[in-house]
Each structure stands twice: as structure tokens, then as C-alpha cells.
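1. With the input below, show me the fold.
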Amino acid sequence: MKSLLSPLLLCLVLAVVPALAAEPQRIAVLSAFKPELKAIEAQMVPEGSALKTSTINGTHFDEVDIHGHHFIFGLTGQSMVNAAMNTQLIIDRFHADAVVFCGIAGGINPNLHPGDVIIPAEWIHQMESIWANPDPEHPDKHILPTWWTPKYGHYYEIYPNDVSVVREGMSEPEDLHAFPADPGLLDAASRAATIVKIEGGNGGAAQVIVGGGGMSGPVFLDNAKFRSFAYETWHVNGHDMESTAIAQVCWVNHVPVLIVRGLCDLAGGQAGPVETRKYLELAAKNAAIVTAKTLLELPKATSP
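-> Got it, this is the predicted structure:
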């Protein structure tokens, strides 16, 4: 009987892991650069904890058991290619059951301010696009590929597009507009949002927005016109340089993902120079507080 049950139990375990199964055993907690990672480690790792350290391809990782889970802390590096490369590395090498990213971003929603925290339900590629030639016979129009129809309007000659993706269970690539955060992790974030109290850049209480959208691209966005176009087109709350790459890699690997971003600037919506450095520490700390509370909302792992 034992020899028959073991393969069945293994199949059941493998079936529930992609859906998070409510109890991830190994959670990768990632950030793009050191100030962000230090902020979340300060919130989560008790002083004097025994860390297992390793370095892979020049990137340093810390592993530690906290609150019944095994956490792997590490850096993705900045921008899309680094984020995709190192997220895949972490999934492959550390066999992460879930990925949680904690860091800073620029605010797109005009109702948000530095210090606010966003936890989008989906992420899009804002730079996946077609750049077209002007149409000499029709002012303000462009010559588009005959095989393609615009979906989201255009920003001057730039026409945003969906990304073509494929993963296990699909027979061929399909266009996907956005990559989703995990519903179970979003629920934990929603519970955490009712508990945390964080300070905004103006000294008052900061907001925690769970849901909505976010966008990413290999661009430091500091342009009021494109910011307005993005909000009018997609109603996203924020922009950064890594999250959609991370969400896509997790989607392809069937690994649950959650991304928490503290707003450090207004992505060009401010008057005068961008104030990223002024609010960087506050935004990273607020994102870390919310992330830590979210992870505490997860059920503790049970012994096998």
C-alpha cells in the first residue's frame, strides 16, 4: 500500500504548489538594490539570526528560517533584464514556492503621493510597443504594419502592444496584456493593509493600495506627458524598472508572486526636479513594513 500511495501523494503536492497551496515552504524575498533589501531585512530578520549565505554569479543570498517559513533574501539587480535573469536563477537554484518583491517606484496615479505603498494585482510592459513612421498623406497619423491593429492608442509615434508568451500547458505563444499577482498573497496583503500605519512624505498617514495595475520598463520615467498618457490608457498606479519582468518569469514558472512598491517620486508629475532621493528611504521603509506584515499574515508551514 505504501508504494502505491507515495506517488499519488507526490502528484498531489506538485499539483497544489503552483497555486500557493496557502502554505509556501520557501519564499524568495527580493529587491532591486541594496537600500531596498536592507529595509526589508531590517523589518523581518531578528537580530542574531543564523544566516546561510551563498553567492551565485556574483549575487549574494541570505537564507533564514522565520515564522515557520524558509526565506531567501537577495537582489535581482536593477532594470528588466537583470530582474528576469536573477528571478529565474532564484527559482531554479533555491526552488522558491513563492516570490515577493519589495522596493520603490514612481507614482502614476495622480491621487497618490510619495510614501504611499502600492501592491498591484497585475503588471504590464509599458515598453512593449511598435514605433511607427509618420504618414505623409495624413497628418498626425502613422504607417502601421499591415498585420497589426493598435489596442491602446498611441503616444506620438509609439504604439503600445501586448507581449507574446508561452508556458507549460500552452500549445503555442499567446498575447498577454498583464501578468497577475497571486490571489492568496494579495489577500494576505489586504489583511496587512488594515493593520499597518505608515507615514507619508507630507508627515501625514500614507495610503496602502492593494489591487489595480502597475507597469514597468527599462526607463527611469520622469515625464509628465507620458505619465498622463499611461494613467489615461491603463489606469496604473505606479511605474518601475523590474516588476513586470519578475511577474512574467513567475507566470511562466507557475510560481506565485507579489510585488510591493513604496512611491519615492511622481514619475515626472512633480514641479521641478524629481525628488527620488529625498523620499527613497521613506518609500523603501514603508514598502518593507507592508511586506513584512503581509508575510506574517501567511499561515505557518506545517511539518511534513
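2. C-alpha from now on. contacts and neighbour counts both.
-> OK.
3. how about the helices of this structure, start to end?
-> For the chain, the helices defined by DSSP state H occupy 2-16, 34-44, 80-94, 183-193, 224-234, 243-253, 276-296.
4. helices or strands up against the third one?
-> When contacts are defined as 3 or more Cα pairs under 8 Å, 6 or more residues apart in numbering; DSSP states H and E, helix 80-94 packs onto helix 243-253.
5. Val99 reaches His254, doesn't it?
-> No: because the distance of 10.8 Å does not satisfy Cα atoms under 8 Å, Val99 is recorded as not touching His254.
6. Looking at these two, which is more packed in?
-> Val99 (27 against 17; other Cα atoms under 10 Å).
7. could you list every residue that touches that one?
-> Shown in contact with Val99 (Cα atoms under 8 Å, 6 or more residues apart in numbering): 27-30, 250, 255-258.
8. Quickly, which of the helices of the chain bottoms out on average pLDDT?
-> Of all these, the segment with the smallest mean pLDDT is helix 2-16, scoring a mean of 41.
9. Mind putting the helices of the chain into JSON lines with distance to Asn202 and mean neighbour count?
-> Converted to JSON lines, those look like this (distance: least, Cα to Cα, whole Å; neighbours: other Cα atoms under 10 Å):
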{"stretch": "helix 2-16", "distance to Asn202": "44", "mean neighbour count": "10"}
{"stretch": "helix 34-44", "distance to Asn202": "20", "mean neighbour count": "18"}
{"stretch": "helix 80-94", "distance to Asn202": "31", "mean neighbour count": "18"}
{"stretch": "helix 183-193", "distance to Asn202": "20", "mean neighbour count": "20"}
{"stretch": "helix 224-234", "distance to Asn202": "21", "mean neighbour count": "16"}
{"stretch": "helix 243-253", "distance to Asn202": "26", "mean neighbour count": "24"}
{"stretch": "helix 276-296", "distance to Asn202": "10", "mean neighbour count": "23"}
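10. which one of the contacts of Val99 is nearest Ile118?
-> For these, the closest approach to Ile118 (Cα to Cα) belongs to Leu258, at 10.9 Å.
11. so how many other residues sit close to that closest one?
-> Around Leu258 there are 28 residues (other Cα under 10 Å).
12. Dig out what it forms beta bridges with.
-> Val100 (DSSP bridges).
13. for it, what are its contacts?
-> 99-101, 119, 181-182, 185-186.
14. now the contacts of Val99 as a markdown table including distance to Ala267?
-> Output for the contacts of Val99, formatted as a markdown table (distance: Cα to Cα, whole Å):
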| residue | distance to Ala267 |
| --- | --- |
| Ile27 | 30 |
| Ala28 | 28 |
| Val29 | 25 |
| Leu30 | 22 |
| Cys250 | 26 |
| Val255 | 30 |
| Pro256 | 28 |
| Val257 | 24 |
| Leu258 | 22 |
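15. ok so, going back, now the two most distant members of the contacts of Leu258.
-> Within those, Val99 and Ile119 form the most distant pair, 13.7 Å apart (Cα to Cα).
16. Out of the helices of the chain, which gets nearest to Asn133?
-> The nearest among the helices of the chain, by Cα to Cα, is helix 224-234 at 19.2 Å.
17. pLDDT score assigned to the closest residue to Phe226 other than its chain neighbours?
-> In this structure, Phe226 finds its nearest non-sequential neighbour in Tyr155, 7.3 Å apart by Cα to Cα, 6 or more residues apart in numbering. Per-residue confidence at Tyr155 stands at 96 (pLDDT).
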